[in-house]
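Asks: One predicted model, sequence on top.
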Amino acid sequence: MTTYYTADYILPITSPPIKGGVVAIDENGLIVGLYQSNDPLLHDKELIRCAGVLTPGFVNGHCHLELSHMKGKVPKGIGLPKFLSTVMAERSTAEEEVEKAMVDADRAMFANGIQVVGDHVNTPVSATVKAQSPICYHTFVELIGFDPAVADDRVDQARDTEYEFEPQRTSITPHAAYSCSKKLLRSLSDKVDDKNIFSIHNQESDEENKFFRYKQGAFLDFYKENNISHDHMTANGKNALQNSLQFLPEDNRVLLVHNTYTAPKDMDYVARIGRDVYYCLCPRANLYIEGRLPKIQSFVLSKQKIMLGTDSLASNDTLDILEELKTIHAEFADLSFETTLSWATINGAKALRVEDQYGSLEVGKSPGLILIKNMDSLSLTAQATVERIV
Ligand SMILES: [Zn+2]
C-alpha cells in the first residue's frame, strides 16, 4: 500500500524544494513517487497533510554508542586530554548498565529522525543492539596503540572485533594521531583493502598540534597519567593532521572528525595531496569539551565536503542532529538551511557509501521520512522540533 504525504515544503536534498509537494512511500519505506502539488496523478489520492518541512532521515556521521552510559559523567569545558582520561576511567561500568544505555540511545536516535550512524567502537558490546536496530550502522573499530611494539597485535585484535559485527558494515580505523604510533598506521595500511573507510579524530584540541610540532603541552601530562610511553616520538614540526594522513594508504576515504583547530592551510594540504576527505563536524561536542566551534566558514568557502555528527553522550547531552543544526545556525546565521541539511543527510550518506539507499528523497531509496515542525518557511528556528513519519 502506498501512502501520500504532503507538507508546506518537501526537501528532497538532491533536487530543489517542492512547495506543497507530495512524497509517496510504500509499506516497506521505499519511495515510489515525488510530485508537485498540482500533479494530475494525485487527483484521486488521499493525502496525509503535515505542518512543516518533510526531509529524508538524518545521517549521524560520528557517534560512540558504547559510551552512552556516560551521559552527564564528564564535566564540561575540561579540554580534550582531561576528557580522554575521564572517559578511560569510566570504562569499567557494569555490563547491564552499558547495554541499557545503548538501547535507549539507539531508540532516541531513531525517534530523533536519525537513519544512518557512523559509530566508533573499541569492543563488540554494541553488535546486538545494532543488529536489532532500524538504524543502518557503519561501525568503525578503533585502533589505539601509541607504543610501536603493540602495532601488529592491535590490528589483529581490531580484526577480531570486526568479525563480531558481521554481516554489518564495518571498517578498521585509527582512533587519532595522538593515540596511534606511526608503526601502527603503517601496519594497518598493509592489512586493509581500499574499500575500508578511515574515520579519525582530528585536531579536536590545539594540544594535539602542540604535541606533534614541539612535543609540548597537555598531552605530555595525559601520557604520563595513563602510563603511555612517547619515547619513540620526536617533535617534527608538523601538526596532528599531517602526522596521521601521511602514514595512511592514499586511496582510502578518510573522514576527519571534529576539526576544531583545522585551518585553511590544512585544507589546502589535504587538497594538494589529493586525498578523498570528508570533514565531519560535531559542534555540540566541541562546545562541551573545548568550549569552541570549528571555523565553519573556512570549510564552506573552500567548498569542502562537510558532514555532521553528534559524538557520544560522554560529550553531548543528546544524540540529535537537529540540535547540531540549531547550534550551527545560531552561530553562523548566513548559512542556508538547505546547505546545512545536505551536510546532515546526503553528504554523510555519501561519506559512508550508503547514498544508493539513504540521504535524499528519491524514487527507489528508503531514506526514512521526517517532519521538521516550527520552521519559518525554509529557515530553521530555535523552536524547531523533529517528528519521525516513516
Ligand atoms: Zn569521537
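Replies: Looks like it arrived, so ask away.

Asks: Pull the number of nearby residues for the residue nearest to Phe58 when sequence neighbours are not counted.
Replies: Distances taken as CB to CB, 6 or more residues apart in numbering place Ile321 nearest to Phe58, at 4.0 Å, with adjacent residues excluded. For glycine as for every other residue, the C-beta is placed from the backbone atoms N, C-alpha and C. Residues near Ile321, counting by other CB atoms under 10 Å, number 28.

Asks: what's the answer for the one 5 residues further on, then?
Replies: Burial of Lys326 is recorded as 19 neighbouring residues (other CB under 10 Å).

Asks: next one: Pro75
Replies: Applying other CB under 10 Å, I find that Pro75 has 11 neighbouring residues.

Asks: Let me see the contact set for it.
Replies: Thr86 (CB atoms under 8 Å, 6 or more residues apart in numbering).

Asks: what's the answer for Gly33, then?
Replies: With CB under 8 Å, 6+ apart, Gly33 has these contacts: 2, 4, 22-24, 41, 363.

Asks: got it, and Gly21?
Replies: Contacts of Gly21 (CB under 8 Å, 6+ apart): 6-7, 9-10, 34-37.

Asks: Please apply the same query to Val74.
Replies: 83, 86-87, 90, 314-315.

Asks: again, 6 Å this time
Replies: By CB atoms under 6 Å, 6 or more residues apart in numbering, Val74 lies in contact with 86, 314.

Asks: Kindly write the ChimeraX command that selects the buried subset of the contacts of Gly21.
Replies: The ChimeraX selection below is limited to those of the contacts of Gly21 classed as buried (16 or more other CB atoms under 10 Å):
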select :6,7,9,10,34,35
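
Asks: Among the contacts of Gly21, which lie within strands?
Replies: 6-7, 9-10, 34-35 (DSSP state E).

Asks: how about a markdown table for those, with pLDDT and distance to Val141 added?
Replies: Listed next are these as a markdown table, based on pLDDT from 0 to 100; distance: CB to CB, whole Å:
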| residue | pLDDT | distance to Val141 |
| --- | --- | --- |
| Thr6 | 98 | 43 |
| Ala7 | 98 | 39 |
| Tyr9 | 98 | 40 |
| Ile10 | 98 | 38 |
| Leu34 | 98 | 37 |
| Tyr35 | 98 | 43 |
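
Asks: any chance of these in JSON lines, plus distance to Tyr223?
Replies: Shown next, in JSON lines, are the ones in strands among the contacts of Gly21 (distance: CB to CB, whole Å):
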{"residue": "Thr6", "distance to Tyr223": "58"}
{"residue": "Ala7", "distance to Tyr223": "53"}
{"residue": "Tyr9", "distance to Tyr223": "51"}
{"residue": "Ile10", "distance to Tyr223": "52"}
{"residue": "Leu34", "distance to Tyr223": "54"}
{"residue": "Tyr35", "distance to Tyr223": "59"}
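
Asks: now, among those, which is nearest to Asp206?
Replies: Comparing those against Asp206 with CB to CB picks out Tyr9 as the nearest, at 40.7 Å.

Asks: so what's that closest one bridging to?
Replies: As for beta bridges, Tyr9 partners with Lys19, Val53 under DSSP bridges.

Asks: dump the residue contacts of it.
Replies: Contacts of Tyr9 (CB under 6 Å, 6+ apart): 17, 19, 53.

Asks: any idea how far Ala111 is from Pro40?
Replies: 37 Å (CB to CB, to the nearest Å).

Asks: Beta-bridge partners for Leu47, please?
Replies: Here Leu47, judged by DSSP bridges, has bridge partners Tyr4.

Asks: Pretty sure it sits against Thr2.
Replies: No: contact criterion CB atoms under 6 Å: Leu47 and Thr2 do not qualify, at 11.5 Å.

Asks: Looking at the two now, which is surrounded by more residues?
Replies: Taking neighbours as other CB under 10 Å, Leu47 and Thr2 compare with Leu47 leading, 15 against 11.

Asks: that older thread, out of the contacts of Gly33, which end up buried?
Replies: By 16+ other CB under 10 Å, these give 4, 22-24 as buried.

Asks: from the residues you listed, which ones fall inside strands?
Replies: Those of the buried ones among the contacts of Gly33 lying in strands (DSSP E): 4, 22-24.

Asks: farthest-separated two in these?
Replies: Tyr4 and Val23 (7.5 Å).

Asks: The residue nearest to Arg169 when sequence neighbours are not counted: what secondary structure?
Replies: The shortest distance from Arg169 to any non-neighbouring residue, by CB to CB, 6+ apart, is to His138 (4.4 Å). His138 falls in the strand class when you classify it by DSSP: H, G, I helix; E, B strand; the rest coil.
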